[in-house]
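Asker: What shape does this take:
(chains A and B)
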Protein chains: 2
Amino acid sequence: MSFSAPDVMSNPRADRVRDVARLATRSGRAKRGLFLAEGPQAVREALALHRERLASSGAPVVESVYATAEFLERSPELAELAEVSAGTRLRLATDEVLAAMADTVSPQGIIAVCHLPGNTLEEVLAGTPRLVAVMCRVQDPGNAGTILRAADAAGADAVILTEGSVDIHNPKAVRSTVGSIFHLPIVSGVPFADLAAALRGAGLAVLAADGYGDTDLDALQDDSAARRLAGAAGEPDAGVVLLEAPTAWLFGNEAQGLDRQELAAADRRVAVPLYGVAESLNVGTAATVCLYASARAQRRA
Amino acid sequence: MSFSAPDVMSNPRADRVRDVARLATRSGRAKRGLFLAEGPQAVREALALHRERLASSGAPVVESVYATAEFLERSPELAELAEVSAGTRLRLATDEVLAAMADTVSPQGIIAVCHLPGNTLEEVLAGTPRLVAVMCRVQDPGNAGTILRAADAAGADAVILTEGSVDIHNPKAVRSTVGSIFHLPIVSGVPFADLAAALRGAGLAVLAADGYGDTDLDALQDDSAARRLAGAAGEPDAGVVLLEAPTAWLFGNEAQGLDRQELAAADRRVAVPLYGVAESLNVGTAATVCLYASARAQRRA
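Answerer: The predicted structure is shown next:
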C-alpha cells in the first residue's frame, strides 16, 4: 500500500473532518446512519466483521478508516486487513485530524466510521435465539457496555435496548464494549409495549432481573442441575421456570430498576441472592450473573 | 439539633477545609490516616458501621461529618444517625465549603471524614475466612470498586489489595463501591511475596482467575453440584479443587492479568468460560462470576 503526499488529510477544519466529528452526537449518527469505532482493537473487530459480511454478501460494516502513517507502519496487519476488506476506504490523516474527528483525546492512531446495524426485532427473533439480553432504559454508557460485553461472553444471540435507553453507539459506550459491539446483533430503540409478547412468541421465557424478585436465581440453578443430573425424568410441572430453556432477560434502569410495566410483562421476577451486606448489585454485575447462569444451564442441559 | 449562625463553616479557604480536601490525595490520606466518604449513601453506611463499632467498643469509623443545613432539613434521619452515633462531630457548612472539601463536583450536601481501617492480614486470616477476594495490582478505581461490591454481595469475608494496586480509599473508588467499603474488612498494600503461603496457612485454597487457565469454572461448578446431589460419597481425590471449600481468589491487573509470580503461587488457574466471540472479560465481570460461583457452592454444600 502506498500513499502520495496529497492523500494525507491534514486540515482539522475540513468538512469531512467535521462530518466525522458529528458522529459523537446522537442526531449526527441518526442522520447519517453511521457511528465511530476508535482505536486499534475496535477497528480490528469492525474490519473482521466487515470482511465476514462481504464474504457472505451481507451489508458492509465499515464505511471508511482513517489512520496515521505512523500507526500503519507499526501495525501493518491492520493496514492489510483494511486492504483485504474490499470496499473499505483507508485514508491517511495527521494526528491532529484524528484528534478532531474522534471523541477520545487519543484515538491511538486509527478510527473507523461504521454503518449502524440495521437489525430489526423481527429478524433477530426469527433466528430462534436461545439467550437474549434486554436493556430497559439503561442510562449509563459504561453499564450498557458491560452488559453487552457480558452478553457476548455468555454467548447470547442478541441484545435489545428499549426506547429511553442510552445510545449504545455513542463513542463512550462503544469503547466500553471492547469490540463486543461487533460480535452480536443489537436492536435499539424498541418500544417496550409489545416486546414481551414478541419475545414469548419466539419461544423465549421472559425473566426480569429484579432485586425484589420472589424467585431466587440460585434456586433456579439448583433445580436445573438436579434435572440434569437426574436425567430427563418426566416433564417438569407447568409454570416452572427452566433456566436451560430459551430465555430473554430484562435488565432495568440503574436508579429505578425495572418499572411496573416491565415487571408485569415478565414471566418471573428473579433476584440474584445477596449473601453479604450489600443492598443491591450494579446492573452490569447482576446481568453478568444472570446471563452466565442461563448460559451454563443451557449448555449443560 | 440546633446550630447557631457562627457554627456554619463558610470560608472555603479555611485551613480545615484544605485539610479535608487533601484527603483526595494518597499522601494526604496516608499522613492523617483518614479518607473521604461523599454523599448521603456513603455517609449513611459509614455512620451505621460507626455506631455498630462503638456499641462493640471497637475503633471509631467516622471522624467528622460536614453537611449543609438544607441537606439536614431534607434528611433528618441522617442528622439523627450522626447524633445518635456518639463521638461524631457534625458540622454545618455552606455548599461552597463542601464543594471545596469534596472530590466530586456535587457532594450532595454531606460528606464524612473517616478513619482508614486498621485491619492487618493476620487479623483477617485469624478469623477463619471462607471466601476472600485478592486484587493483584488492579489499577482502575472503578474496577476495584466493582470487585469490592461483588465481594460484598457474594458474602466474602475480606478483600485484600496487593502492593501496586489502586488505593481503594481514593474518592473515586470509594464512590464506586456504593457503601461496600464499609461492609467488610479490607487490607491494602500487602506484599505478594508471602501472601499465598499465608492464605494457605489459613486453610484457603488459592485460585487464580486467569483467562488462559486450564481449569474451567463451569466444570468446577458441575463437580460441586454433583458432589452435593450425590451426598458425601467418600473423600474426593487429593489435588481436586472443591469449589465449596474455603477459597481465596486472585484477580489480576486489567491490562496484563496476573503475572508469572502470582500465577505460580496459585493452586489452580481457573478460566471463566467464554461462550461467545468476546476475547476476554473485564476483571470486574470475571471476579463477579468467580465469587458468585464460590458463594453458591459454599452455601449449598
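Asker: Restricting to C-alpha, output the strand or helix carrying residue A:172 in PDB.
Answerer: Applying DSSP states H and E as the criterion places residue A:172 in helix A:171-176. Written as PDB, here are the backbone C-alpha positions of helix A:171-176 (Å, rounded to 0.1, in the frame of the first residue of the first chain):
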ATOM      1  CA  PRO A 171     -18.400   6.700  21.400                       C
ATOM      2  CA  LYS A 172     -18.100   6.100  25.200                       C
ATOM      3  CA  ALA A 173     -20.400   3.100  25.100                       C
ATOM      4  CA  VAL A 174     -18.700   1.700  22.000                       C
ATOM      5  CA  ARG A 175     -15.300   1.900  23.800                       C
ATOM      6  CA  SER A 176     -16.700   0.200  26.900                       C
END
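Asker: can you tell me if it touches chain B.
Answerer: No - Helix A:171-176 lies apart from chain B when judged by Cβ under 8 Å from any Cβ of the partner chain; the minimum separation is 8.8 Å. For every residue, glycine as well, the C-beta is placed using N, CA and C.
Asker: Which strands or helices does that helix pack on?
Answerer: Applying 3 or more Cβ pairs under 8 Å, 6 or more residues apart in numbering or on different chains; DSSP states H and E, one finds that helix A:171-176 makes contact with strand A:34-38, helix A:141-153.
Asker: quick one: the first one to chain centroid distance?
Answerer: When you say that, I think you mean strand A:34-38. On the basis of Cα atoms, centre = their mean, to the nearest Å, strand A:34-38 sits 14 Å off its chain's mean C-alpha point.
Asker: and it, which strands flank it?
Answerer: If you go by DSSP bridges, strand A:34-38 pairs up with strand A:110-115 (antiparallel).
Asker: Return the helix or strand in chain A with minimum mean pLDDT.
Answerer: Least confident helix or strand, chain A: helix A:76-84 with a mean of 78, by mean pLDDT, DSSP states H and E.
Asker: Put the alpha carbons of it into CSV.
Answerer: Provided in CSV are the C-alpha atoms of helix A:76-84 (Å, rounded to 0.1, in the frame of the first residue of the first chain):
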residue,chain,number,x,y,z
PRO,A,76,0.9,-3.4,9.2
GLU,A,77,-1.6,-6.2,9.9
LEU,A,78,-4.4,-3.7,10.3
ALA,A,79,-3.5,-2.0,7.0
GLU,A,80,-3.6,-5.4,5.4
LEU,A,81,-6.9,-6.2,7.0
ALA,A,82,-8.4,-3.0,5.7
GLU,A,83,-6.9,-3.6,2.3
VAL,A,84,-8.2,-7.1,2.1
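Asker: tell me the angle of that helix relative to strand A:110-115?
Answerer: Counting by axes from the mean of the first three to the mean of the last three Cα atoms, to 10 degrees, helix A:76-84 lies at 30 degrees to strand A:110-115.
Asker: what's helix A:76-84 in contact with?
Answerer: A:1, A:40, A:43-44, A:47-48, A:51, A:62, A:65, A:67, A:71-72, A:88, A:90, A:110 (Cβ atoms under 8 Å, 6 or more residues apart in numbering or on different chains).
Asker: Check what contacts the following helix or strand past it and list those residues.
Answerer: Next in sequence after helix A:76-84, counting helices and strands by DSSP H and E, comes strand A:89-92. Taking contacts as Cβ under 8 Å, 6+ apart, the residues outside strand A:89-92 that touch it are A:1, A:3, A:7-9, A:63-69, A:72, A:79, A:82-83.
Asker: In its sheet, which strands sit next to strand A:89-92, and in what direction?
Answerer: Assessed with DSSP bridges, strand A:89-92 is paired to strand A:62-67 (parallel).
Asker: for the record, mean pLDDT for the partner strand?
Answerer: The average pLDDT within strand A:62-67 is 93.
Asker: hang on, the earlier thing: take the contacts of strand A:89-92 and, keeping just the buried ones, write it as a PyMOL select command.
Answerer: Applying 16 or more other Cβ atoms under 10 Å in any protein chain shown to the contacts of strand A:89-92 leaves a buried subset, and the PyMOL line that selects it is:
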select buried, chain A and resi 9+63+64+65+66+67+68+72+79+82
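Asker: For the contacts of strand A:89-92, which two are the farthest from each other?
Answerer: A:63 and A:69 (21.0 Å; Cβ to Cβ).
Asker: residue ranges with poor pLDDT in the stretch 1-150 of chain A?
Answerer: A:1-6, A:84-87 (pLDDT under 70).
Asker: For the closest residue to chain B within the stretch 1-150 of chain A, which non-adjacent residue is closest in space?
Answerer: For the stretch 1-150 of chain A and chain B, the shortest gap (Cβ to the nearest Cβ) falls at residue A:150, measuring 5.7 Å. Once flanking residues are discounted, residue A:150 sits nearest to residue A:288: 4.2 Å by Cβ to Cβ, 6 or more residues apart in numbering or on different chains.
Asker: again, but for residue A:58
Answerer: residue A:52 (7.9 Å).
Asker: How about the secondary structure of that neighbour?
Answerer: helix (DSSP: H, G, I helix; E, B strand; the rest coil).
Asker: Now residue A:103: closest residue in space that isn't a chain neighbour?
Answerer: residue A:171 (3.5 Å).
Asker: residue contacts, that neighbour?
Answerer: A:23-24, A:35-36, A:38, A:102-104 are the contacts of residue A:171 under Cβ under 8 Å, 6+ apart.
Asker: Sheet partners, orientation included, of the helix or strand following the helix holding residue A:172?
Answerer: Following helix A:171-176 in sequence order, the next helix or strand is strand A:186-190 (DSSP H and E). Strand pairing for strand A:186-190, determined by DSSP bridges: strand A:158-162 (parallel).
Asker: Please put the alpha-carbon coordinates of the strand it pairs with into CSV.
Answerer: Included here for strand A:158-162 are C-alpha records, laid out as CSV according to Å, rounded to 0.1, in the frame of the first residue of the first chain:
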residue,chain,number,x,y,z
ALA,A,158,-28.8,-10.8,20.6
VAL,A,159,-29.0,-7.6,22.7
ILE,A,160,-32.1,-5.4,22.7
LEU,A,161,-32.3,-1.8,24.0
THR,A,162,-35.7,-0.4,24.7
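Asker: Just grab the bridge partners of residue A:112 for me.
Answerer: Bridge pairing for residue A:112 - DSSP bridges - gives residue A:37, residue A:65.
Asker: pretty sure it contacts residue A:36?
Answerer: Yes - contact criterion Cβ atoms under 8 Å: residue A:112 and residue A:36 qualify, at 7.5 Å.
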